[in-house]
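Undergrad: Okay, sequence plus prediction incoming.
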Amino acid sequence: MSPHTQPDRVVLQAPERLVSEHRLDFRRDALERLSKAAAEGAKRITIDLRETREVDASGLGVLVLLQKRARENSLSTCLKRTPPTVRHLLHLTQLERLFEFED
């Protein structure tokens, strides 16, 4: 994962496979960056999904956890460059409403 910081947000690069065997590293790094960004006054966390091709239930759980922690820290959560298959999965699971989306 390659995090990028912008003045008002933190940008996280999601892995190609956001599945159970890969989720823990992403989760740990993302929560660490989110916490730091909130302390530095960021307003938004953006998760760039352009390289993500596979998401399972545990991967969705990580996205929801990040959204929850962001909300607790008064940050919005944006999913950027979300592949159609991932967006469809979010729609089917009714999780789409938790996130903002950016192309």
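TA: Happy to help now that I have it.
Undergrad: Could you use CA atoms for every contact and neighbour count after this?
TA: Will do.
Undergrad: ok, Arg50 to Glu16 distance?
TA: When distance is defined by C-alpha to C-alpha, to the nearest Å, Arg50 is 8 Å away from Glu16.
Undergrad: Over to Leu66?
TA: Following C-alpha to C-alpha, the distance that separates Leu66 from Glu16 is 18 Å.
Undergrad: Have a look at the two and say which one is more surrounded.
TA: Leu66 (19 against 15; other C-alpha atoms under 10 Å).
Undergrad: those helices in the protein, which residues are they?
TA: Across the chain, reading from the start of the chain, the helices by DSSP state H fall at 20-39, 57-72, 84-92.
Undergrad: got those as TSV, with mean pLDDT and distance to Leu98 columns?
TA: Conversion of those to TSV gives the following (pLDDT from 0 to 100; distance: least, C-alpha to C-alpha, whole Å):
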stretch	mean pLDDT	distance to Leu98
helix 20-39	93	17
helix 57-72	96	7
helix 84-92	94	9
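Undergrad: Need those in CSV (columns: distance to Val10).
TA: Rendered in CSV, the data for the helices of the chain read as follows (distance: least, C-alpha to C-alpha, whole Å):
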stretch, distance to Val10
helix 20-39, 6
helix 57-72, 11
helix 84-92, 21
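Undergrad: out of these, nearest to Val11?
TA: If you check each of the helices of the chain against Val11 by C-alpha to C-alpha, helix 20-39 wins as the nearest, at 9.0 Å.
Undergrad: Run through who's touching the closest one.
TA: Surrounding helix 20-39, the residues in contact under the criterion C-alpha atoms under 8 Å, 6 or more residues apart in numbering are 1, 3, 9-10, 12, 14-15, 45, 56-59, 62, 66, 69-70, 73-75.
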